[in-house]
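A.B. asks: I need the structure of the sequence given here:
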Amino acid sequence: MDSHNPSQEEIALDEWQLKLEAKLRELHACQAQQQLESCMLCPQLFNCELRESYVHAVYASMNKGAGGGFEF
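C.D. replies: Here you go, the predicted structure:
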């Protein structure tokens, strides 16, 4: 039986992935509530804190919280 203990890197990966998945669930719930299939159809697209927090969660999951900025 494999008694694999996750490394710190694997634990961190899970932490960032879990945060991202939680934000994605929030985003999907909002879309369902608004009866939209995409944020792109929402009139609040450019002023939405939830969408902005999701974008930041995506970036954080990509760099595993190492920081740094990003510009669009």
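A.B. asks: does Gln35 count as helix, strand or coil?
C.D. replies: When classified by DSSP: H, G, I helix; E, B strand; the rest coil, Gln35 comes out as coil.
A.B. asks: any idea how far it is from Gln44?
C.D. replies: 14 Å (C-beta to C-beta, to the nearest Å). All C-beta atoms are positioned from the backbone trio N, CA, C, and that covers glycine.
A.B. asks: those two: which has the busier surroundings?
C.D. replies: Shown here are Gln35 and Gln44; by other C-beta atoms under 10 Å, Gln44 has more neighbours (12 against 7).
A.B. asks: then stretch 30-41 to PDB, C-alphas only?
C.D. replies: Backbone C-alpha positions of stretch 30-41 (Å, rounded to 0.1, in the frame of the first residue of the first chain) are rendered in PDB as follows:
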ATOM      1  CA  CYS A  30     -23.800  34.400  -9.900                       C
ATOM      2  CA  GLN A  31     -24.200  33.600 -13.600                       C
ATOM      3  CA  ALA A  32     -27.100  31.200 -12.800                       C
ATOM      4  CA  GLN A  33     -28.700  33.800 -10.600                       C
ATOM      5  CA  GLN A  34     -28.400  36.400 -13.400                       C
ATOM      6  CA  GLN A  35     -29.600  33.700 -15.900                       C
ATOM      7  CA  LEU A  36     -26.400  34.200 -18.000                       C
ATOM      8  CA  GLU A  37     -24.200  31.700 -19.600                       C
ATOM      9  CA  SER A  38     -21.200  34.000 -19.500                       C
ATOM     10  CA  CYS A  39     -19.900  37.100 -17.700                       C
ATOM     11  CA  MET A  40     -19.400  38.700 -21.100                       C
ATOM     12  CA  LEU A  41     -23.100  39.200 -21.300                       C
END
